[in-house]
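Visitor: Predicted structure and sequence below. I'll ask about it afterward.
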Amino acid sequence: MILVAIGWWPALAMAGPVYDVDLYALMSGTCRNVNVAGRNYSCKAVAYFHNQRGRSEFTVVLDDPADNSHIVSFAGESAERTQDNVFEVSVDRMLLKSHDRPRVDGLPVPQVEMSTGSCRQIGSFVTRQVSSINCAATDQNGKKYELSFESDGSPMTLRRLRQSSLPTERQRARQIAQVECRLKARAAQVLPRDTTAFIIRCLGDDDGKPAGDQR
């Protein structure tokens with residue numbers, strides 16, 4: 001079983017689009033299938049984020065023993081509720097993060113692959129119930145990406161964030177790091193009483209990493 005964040009992320013440092021999250025949600029369930037360019041994975045967490053510029057992302061933290069920074073996001077600008085309890089995002093790019101990517105403020109900058117595809121969520125943010133998420137996309141090189149998630153039926157935790165002004169690049173990176181550390185705590189099943197200490201240690205670890213090439 002994994003913990004899934006819907007409305008988060010992604011909370012990811014991005015090479016191009018600015019990430020200013022204004023909505024995220026959390027829920028629990030199981031990834032039935034995750035395929036990244038022909039390789040199958042299990043996952044630690046799945047998330048959906050919406051930002052102030054109208055972009056949406058379904059993000060997957062992969063369970064990869066060889067890379068604890070292996071994260072993929074199905075990202076798009078067009079999102080709509082096509083019918084009751086059905087929410088769809090038209091995917092226009094895949095965001096790929098790994099431990100060998102260049103770092104900015106200690107966070108890996110994702111590789112951006114222009115893609116076509118879609119994500120379909122069955123459920124409602126209003127009722128805080130989601131039953132499934134299915135994503136499929138193909139990048140410009142013909143590589144395919146798939147996600148199939150099923151909820152365990154627990155109500156999601158939804159958060160709306162208000163910001164009086166857009167954050168600076170450094171502030172944004174810090175906000176992203178905090179969300180990523182919180183997701184790591186959930187994936188590691190850290191007890192609520194220990195979560196704050198875990199996040200502080202996690203942020204300290206990121207601060208200690210040198211900033212990489214900003215290509």
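Guide: The structure has been received and is ready for your questions. Everything numeric here is computed off the predicted structure, so don't read it as measured data.

Visitor: can you list the weak-confidence ranges in this structure?
Guide: 1-19, 105-107, 162-172, 205-215 (pLDDT under 70).

Visitor: what's the longest helix in it?
Guide: Ranked by residue count under DSSP state H, the longest helix found in the chain is helix 169-187.

Visitor: Report the distance from that one to the chain centre.
Guide: Its chain's average C-alpha position is 11 Å from that of helix 169-187, according to C-alpha atoms, centre = their mean, to the nearest Å.

Visitor: Show me what it packs onto, helices and strands only.
Guide: The contact analysis (3 or more C-beta pairs under 8 Å, 6 or more residues apart in numbering; DSSP states H and E) places helix 169-187 against strand 2-6, strand 21-36, strand 39-51, strand 107-108, helix 192-207. Backbone N, C-alpha and C define where each C-beta goes, glycine included.

Visitor: Of those, which is nearest S132?
Guide: strand 21-36 (8.3 Å; C-beta to C-beta).

Visitor: buried stuff in that closest one?
Guide: 21-29, 31, 34, 36 (16 or more other C-beta atoms under 10 Å).

Visitor: same question, stretch 109-118
Guide: Here stretch 109-118 shows 109-110, 112-113, 115, 117-118 as buried, counting by 16+ other C-beta under 10 Å.

Visitor: Would you mind giving these as a markdown table with secondary structure added?
Guide: Formatted as a markdown table, those follow (DSSP: H, G, I helix; E, B strand; the rest coil):
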| residue | secondary structure |
| --- | --- |
| V109 | coil |
| P110 | coil |
| V112 | strand |
| E113 | strand |
| S115 | strand |
| G117 | strand |
| S118 | strand |
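
Visitor: any idea which of these is the one closest to V179?
Guide: Nearest to V179 among these: P110, at 14.8 Å, using C-beta to C-beta.

Visitor: Quick check: the gap between the closest one and T59.
Guide: Between P110 and T59 the computed distance is 10 Å (C-beta to C-beta, to the nearest Å).

Visitor: Also G29?
Guide: 15 Å.

Visitor: ditto for V112
Guide: For V112, the distance to T59 equals 14 Å [C-beta to C-beta].

Visitor: Settle this for me: A187 is touching V60, isn't it.
Guide: No - taking contacts as C-beta atoms under 8 Å, A187 lies outside contact range of V60: 11.6 Å.

Visitor: Pick out whichever of these two has more residues nearby.
Guide: Taking other C-beta atoms under 10 Å, A187 and V60 do not tie; V60 has more neighbours (28 against 16).

Visitor: For that one, what is the enclosing helix or strand?
Guide: Element membership of V60, judged by DSSP states H and E, is strand 56-63.

Visitor: list the helices and strands that strand packs on?
Guide: If you count contacts as 3+ C-beta pairs under 8 Å, 6+ apart, strand 56-63 packs onto strand 21-36, strand 39-51, strand 71-76, strand 86-97.

Visitor: Sheet partners, orientation included, of the third one?
Guide: Right, the one you point to is strand 71-76. With DSSP bridges as the test, strand 71-76 is paired with strand 56-63 (antiparallel), strand 86-97 (antiparallel).

Visitor: I'd like the distance from the last one to the chain centre, please.
Guide: Its chain's C-alpha centre and that of strand 86-97 lie 10 Å apart, by C-alpha atoms, centre = their mean.
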